[in-house]
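**Student:** structural data only, the sequence is not supplied:
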């Protein structure tokens, strides 16, 4: 009898625990479906749906207005729009190739050569991330405008020949400014792969008599093929939706990409949202095709994994006689992408007025004081700080829930939710913003900073998921299982084990998204109102009005905000700027 009772107890206890676990799983799935998936549909699903609907509605804001494909047909049969389509494609791909090539070269030098202060060199490579494309344009217009650029004035003063003069207001200038901004993305893609690639293969090549260049071409390039393609496609997607560089530098050319047409349709007179969303469907098609190959290249990269549980070599080459040349490369890159642009901004901030001659230029603080005391600047600074604090928190919250639900709890619908959250990365920000505008125009969110926040959360939640997912993957499940076996509740496990180990990834994601929010203009430009204006939009408005000095002041304020947060995160939380967001 005693043995039968013991057997019964042995059976009942696991059954009871299993029942509780299944009940918990069911409750979590219901809550996950209602809250998380419902939120993602409202933030991401509806805007995407309405981009398509608005392009075929007689009234883009009224579902009962009836359907018509006239606008869609007019856009897709317009020679001007089709020309813009091809301009958008080739420019985006060219920028992706250039940024990846330069970023890859710098990544190879940092990871494979024994260089002095590699951390500093890496920070210099990533510095262009702190300057938005719009601020970069402002800086380069002051440097390379054909008639008044500082570089051209210096060449005239030095008696240089005309062929040395530059014209940044050209198609070549557009490609240059965009590529300079996206080089850090190429660096992050390639350096991440290089750091996780076993150097024993390269060592074998050196032992067999292979030179450094030959080893790089024959060994590394094949291993980097998938990462290189991923970088090109990712940068091409981002470049296709960036409008400020083309709108300013292409004003004197016939280069008008699709993103500029969308902006003009929304902010022109009369406004034509049907045309804007119809053009937006073109950008969606481009981005989805590129994103398909991007995801495919990321999957195929597993074929080239050379890292195993046994550990791997990370041998670095003694630069020797080529050390000066390598340092010159970094010095030239820093001079072109950091020193010149920031120097131009400071010149514009402190110059009293432009006289047409560097020798007679006077400097004072009048412009700086006037702009900083402006009510619009103070309002924009407050709005930017609010947005840049709230959006990272919301993004990281959703990322934690989505990643843990999918990787640990295996909840039903978690894979669908993660896929839904990754869609905005394949959609240009300016296109996605047009969908958000149409969906929420008749809601209390319209004309508030919360509508901009909604758009930014949708845009950047994917970056948060990637960083948090990397952190969760590095946590061995056995740690959580051991705590559970010893009686710890799931809440205790999360609080005492998962949370401390995930803290670095959470901080890195929040800092990265903070930087993105401070400099973002493509989303905010379609969603702002006078009361919800951000610093990025204010700098665009100053630029549009021809007040480059005021725009430069705003650019410096944005940069200082980003640098302060980056330095504080590094000092107090140990966050590394090289934590890849891609």
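**Tutor:** Yep, that arrived. Predicted model only: the values in this text are computed from it and were never measured.

**Student:** quickly find the element holding the residue sitting nearest the centre point of the chain.
**Tutor:** What sits nearest the mean C-alpha location of the chain, by C-alpha atoms, centre = their mean, is residue 516, with 6.4 Å. In the assignment (DSSP states H and E), residue 516 maps to helix 499-519.

**Student:** centre of the chain to that helix, how far?
**Tutor:** Between the mean C-alpha location of helix 499-519 and the chain-wide mean there is a distance of 13 Å, by C-alpha atoms, centre = their mean, to the nearest Å.

**Student:** flag every buried residue along it.
**Tutor:** The neighbour-count check on helix 499-519 (16 or more other C-beta atoms under 10 Å) flags 502, 504-519 as buried. The C-beta positions use only the backbone N, C-alpha and C, and glycine is treated the same way.

**Student:** and the helix or strand following that helix, which residues are buried?
**Tutor:** On the C-terminal side of helix 499-519, the nearest following helix or strand under DSSP H and E is helix 524-527. Buried residues in helix 524-527, counted by 16+ other C-beta under 10 Å: 524-527.

**Student:** could the residues you listed go into TSV alongside pLDDT and distance to residue 173?
**Tutor:** Conversion of the buried residues of helix 524-527 to TSV gives the following (pLDDT from 0 to 100; distance: C-beta to C-beta, whole Å):
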residue	pLDDT	distance to residue 173
524	89	24
525	88	21
526	86	25
527	89	28
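
**Student:** let's have those in TSV, adding distance to residue 77.
**Tutor:** Below are the buried residues of helix 524-527 laid out as TSV (distance: C-beta to C-beta, whole Å):
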residue	distance to residue 77
524	32
525	28
526	25
527	30
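
**Student:** residue 536: which of the residues you listed is nearest?
**Tutor:** Proximity of the buried residues of helix 524-527 to residue 536 (C-beta to C-beta) peaks at residue 524, which lies at 5.8 Å.

**Student:** quick check, that closest one in contact with residue 536.
**Tutor:** Yes - with contact defined as C-beta atoms under 8 Å, residue 524 counts as touching residue 536 (5.8 Å).

**Student:** need the contact list for residue 472.
**Tutor:** 403-404, 407-408, 498, 502, 505 (C-beta atoms under 8 Å, 6 or more residues apart in numbering).

**Student:** closest to residue 552 among those?
**Tutor:** Proximity of the contacts of residue 472 to residue 552 (C-beta to C-beta) peaks at residue 505, which lies at 35.4 Å.

**Student:** tell me how many other residues surround the closest residue to the closest one other than its chain neighbours.
**Tutor:** Setting aside the residues directly before and after it, residue 505 is nearest to residue 471 in space (C-beta to C-beta, 6 or more residues apart in numbering), at 2.9 Å. Each residue near residue 471 was counted by other C-beta atoms under 10 Å, and the total is 21.

**Student:** what ranges does the stretch 101-250 of the chain have for its strands?
**Tutor:** Under the criterion DSSP state E, counting those that start in this stretch, the stretch 101-250 of the chain carries strands at the ranges 113-114.

**Student:** picking that back up, and the helix holding residue 516, what other elements does it pack with?
**Tutor:** For helix 499-519, the packing partners by 3 or more C-beta pairs under 8 Å, 6 or more residues apart in numbering; DSSP states H and E come out as helix 375-404, helix 449-473, helix 535-544, helix 548-573.

**Student:** which residue sits closest to the residue nearest to the centre of the chain, ignoring its sequence neighbours?
**Tutor:** Of all residues not flanking residue 516 in the chain, residue 460 sits nearest, at 5.6 Å (C-beta to C-beta, 6+ apart).
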